[in-house]
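Engineer: what's the 3D shape of this:
(4 chains)
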Protein chains: 2
Amino acid sequence: MGLIFSRQCEYALQALLYLALKPNGQMTSIKELTKRLNIPYHFLAKILQDLAHKELLHSLKGPTGGFSLGMPAQDITLFHVVEAVDGIGFTNSCVLGFKECSERNPCAVHEKWGSIRESVYDMLVSKNIAQMAREMKKPEYKPPFE
Amino acid sequence: MGLIFSRQCEYALQALLYLALKPNGQMTSIKELTKRLNIPYHFLAKILQDLAHKELLHSLKGPTGGFSLGMPAQDITLFHVVEAVDGIGFTNSCVLGFKECSERNPCAVHEKWGSIRESVYDMLVSKNIAQMAREMKKPEYKPPFE
DNA sequence: CTTATTTCAGAGTATTTAGTCTTAATTGGT
DNA sequence: ACCAATTAAGACTAAATACTCTGAAATAAG
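Structural biologist: Predicted structure coming up:
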């Protein structure tokens, strides 16, 4: 049912966005994240663990421990996250599910879908989470983590 | 993993397209369909059964029985099929998974995604399976059912 | 050194989606 | 009437995804 991205990926994006709003290097606990983002505790823990392995996050144990971004927020695009969590199979698969779909051998919506796919790709690479976090700070935006 | 549509939906689309190439009212057996489309027999049987319940297909038992389109091919759009099989949740859900995402309270990619979603919708309603089937008949197009 | 707090790791459960199997019902042809 | 071919139906298994639980390891603070 998840539209394009898995729920896991959505949660990852939400968490990274939340962390991007924090002062540089400040650690944030899973507890705080799940409380604000309304994501199941242990599930989020798994996801963050995974993101740490993939170096998108830095983690520290013990009291005062938690997670922080593994690199500058402006260097992390939506694409990075999606790639890390869901993979990028969508960039070359046929909407109708035909295995043999290609330029030479297109399905009936091959071209139309091609341009839509480009738009999606553009959206993913043109947005970094620093920008996005800033936009979400605007007063008229009531963030999901409130 | 399924890009946008479930595998079930992809199979349904492929089957309907195949049937749209058949002379009006001619019955086609599951056996023929699975052979040509390379879809697991019993799974396709379930899917077709379901499409028959939803009146997109007409079915007949017995020898010479099988399935045929439940209405003229030019009246069936991609949207009809997707709606029947997967539902149309994608028309109003947030890419980032925020529940509260709306015009008043947009996420950081709300507008960009909005226009992409419109393109997808356009693609789905502008194509009927008669057209699509015709395009697939072109000699340079090697259909998936060969 | 002890303790409280936190992530880490791995096993376990639940739900959904994908796919299978078996038996019954229908129907055309002989 | 009979037979063979076909869909109908429902229970079943498999795999993927979503989510939970428990115990261990790290570490900051007293």
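Engineer: which bits of chain A sit near DNA strand C?
Structural biologist: By CB under 7 Å from any atom of the strand, the residues of chain A that approach DNA strand C are A:1, A:29-31, A:42, A:45-46, A:48-49, A:52-53, A:59-67. For every residue, glycine as well, the C-beta is placed using N, CA and C.
Engineer: one more time with 10 Å, if that's ok
Structural biologist: Those residues of chain A that sit near DNA strand C, judged by CB under 10 Å from any atom of the strand, are A:1-2, A:27-34, A:41-46, A:48-53, A:57-67, A:97.
Engineer: What subset of those residues is buried?
Structural biologist: Neighbour counting by 16 or more other CB atoms under 10 Å in any protein chain shown classes A:2, A:27-28, A:30, A:33-34, A:44-45, A:48, A:51, A:57, A:59, A:66-67, A:97 among these as buried.
Engineer: Now the two most distant members of those.
Structural biologist: Within these, two members stand farthest from each other by CB to CB: A:27 and A:97, at 44.4 Å.
Engineer: per-residue confidence at residue A:141?
Structural biologist: According to the prediction, residue A:141 has pLDDT 43.
Engineer: Also the one 5 residues further on?
Structural biologist: On pLDDT, residue A:146 comes in at 39.
Engineer: same question, residue A:5
Structural biologist: pLDDT at residue A:5 comes out at 91.
Engineer: Measure how buried the closest residue to it other than its chain neighbours is and give me the count.
Structural biologist: In space, and not counting its chain neighbours, residue A:5 is closest to residue A:86: 5.7 Å by CB to CB, 6 or more residues apart in numbering or on different chains. Using other CB atoms under 10 Å in any protein chain shown, residue A:86 has 18 neighbouring residues.
Engineer: again with the one 10 residues further on
Structural biologist: Residue neighbour count, defined by other CB under 10 Å, stands at 21 for residue A:96.
Engineer: same thing with residue A:92?
Structural biologist: Neighbour count of residue A:92, defined by other CB under 10 Å: 9.
Engineer: So for stretch A:81-101, first residue to last residue, what's the gap.
Structural biologist: 27 Å (CA to CA, to the nearest Å).
Engineer: Go ahead and name everything in contact with it.
Structural biologist: Residues outside stretch A:81-101 that contact it (CB atoms under 8 Å, 6 or more residues apart in numbering or on different chains) are A:4-6, A:8-9, A:12-13, A:16, A:47, A:50-51, A:54, A:56, A:79, A:107-110, A:113, A:117, A:120-121, A:124, A:129, B:1, B:3-5, B:7, B:10-11, B:13-14, B:17, B:142, B:144.
Engineer: So is it next to DNA strand D?
Structural biologist: Yes: if you take CB under 10 Å from any atom of the strand as the test, stretch A:81-101 does meet DNA strand D, through A:85, A:86, A:87, A:89.
Engineer: Restricted to buried residues, select those in ChimeraX.
Structural biologist: The buried residues among these can be selected in ChimeraX (16+ other CB under 10 Å) with this line:
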select /A:85,86
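Engineer: Flag whichever of the residues of stretch A:81-101 next to DNA strand D scores worst on pLDDT.
Structural biologist: Confidence-wise, residue A:89 trails the rest of those, at 84.
Engineer: Quick check: which of the contacts of stretch A:81-101 are also close to DNA strand D?
Structural biologist: Answer for these near DNA strand D (CB under 10 Å from any atom of the strand): A:5, A:6, A:8, A:9, A:47, B:1.
Engineer: Among the buried ones among the residues of chain A next to DNA strand C, which ones are in strands?
Structural biologist: Judged by DSSP state E, strands contain the following of these: A:57, A:59, A:66, A:67.
Engineer: and the last one, what is it in contact with?
Structural biologist: For residue A:67, the contact set (CB under 8 Å, 6+ apart) comprises A:15, A:19, A:27-30, A:33, A:48, A:52, A:57-60.
Engineer: all helices of chain A, in order?
Structural biologist: Ranges of helices within chain A are A:7-20, A:30-37, A:41-53, A:78-85, A:110-126, A:129-137, based on DSSP state H.
Engineer: The third one packs against which elements?
Structural biologist: Pointing back at helix A:41-53 there. Other helices and strands packing on helix A:41-53, by 3 or more CB pairs under 8 Å, 6 or more residues apart in numbering or on different chains; DSSP states H and E, are helix A:7-20, helix A:30-37, strand A:57-60, helix A:78-85.
Engineer: That one to helix A:7-20, inter-axis angle?
Structural biologist: Helix A:41-53 runs at 70 degrees relative to helix A:7-20, counting by axes from the mean of the first three to the mean of the last three CA atoms, to 10 degrees.
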